[in-house]
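1. Fold the following.
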Amino acid sequence: MIDKELLDLLCCPETGSPLVEADGALLARLNEAIAAGRVKNRAGDTVAAALAGGLVAGGANLLYPIIEDLPVMLIDEAIPLAPIGKQPDRPGGCDSSETAIRGQQSAVGGGGE
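-> Okay, here's the model as predicted:
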């Protein structure tokens, strides 16, 4: 379990979207696929070790592994969830946070694009 204050500070390094902790069911499916040798990270390396935890970036449909209680927030180490049957989901806070940020950027004259 990751500290809530730390989780609130972290975001997906690729998209900036908020992160949520992976639930037990997702970790079980992912670890089953890892054991079968079917899981690769973004760098294309096969993930060999079972995961005790992970952080999911809903907008990107990626899982950032937690190894030895530390979240690994490297884009190349992220694990795409689509190959294991996890559909993209966007927690309610994710869409509203992204919309709020875009609204704030527009209000101050910066579109960020």
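2. tell me which helix or strand of this structure sits lowest on mean pLDDT?
-> The weakest-scoring helix or strand in the chain, judged by mean pLDDT, DSSP states H and E, is helix 92-107 (a mean of 36).
3. Now do the SS call for residue 8.
-> Here residue 8 is recorded as helix under DSSP: H, G, I helix; E, B strand; the rest coil.
4. give me the number of residues near it?
-> Number of residues near residue 8 (other C-beta atoms under 10 Å) recorded here: 10. Heads up, the C-betas are built off the backbone N, CA and C, glycines and all.
5. measure it to residue 18 for me?
-> Distance of residue 8 to residue 18, computed by C-beta to C-beta, to the nearest Å: 9 Å.
6. for residue 35, same thing?
-> The gap separating residue 35 from residue 18 is 30 Å, by C-beta to C-beta.
7. Then residue 12?
-> 8 Å.
8. tell me, what's touching the two both at once?
-> Shared contacts of residue 12 and residue 18, defined by C-beta atoms under 8 Å, 6 or more residues apart in numbering, comprise residue 57.
9. more crowded one of residue 35 and residue 18?
-> The neighbour comparison of residue 35 against residue 18 (other C-beta under 10 Å) goes to residue 18, with 23 against 11.
10. give me phi/psi at that one?
-> phi -60, psi 160 (degrees, to the nearest 10).
11. Surely it and residue 11 touch.
-> Yes - the criterion here is C-beta atoms under 8 Å, and residue 18 meets it with residue 11 at 5.9 Å.
12. list the residues that contact both of those two?
-> Shared contacts of residue 18 and residue 11 (C-beta under 8 Å, 6+ apart): residue 57.
13. So for stretch 61-73, mean pLDDT?
-> For stretch 61-73, the mean per-residue pLDDT is 95.
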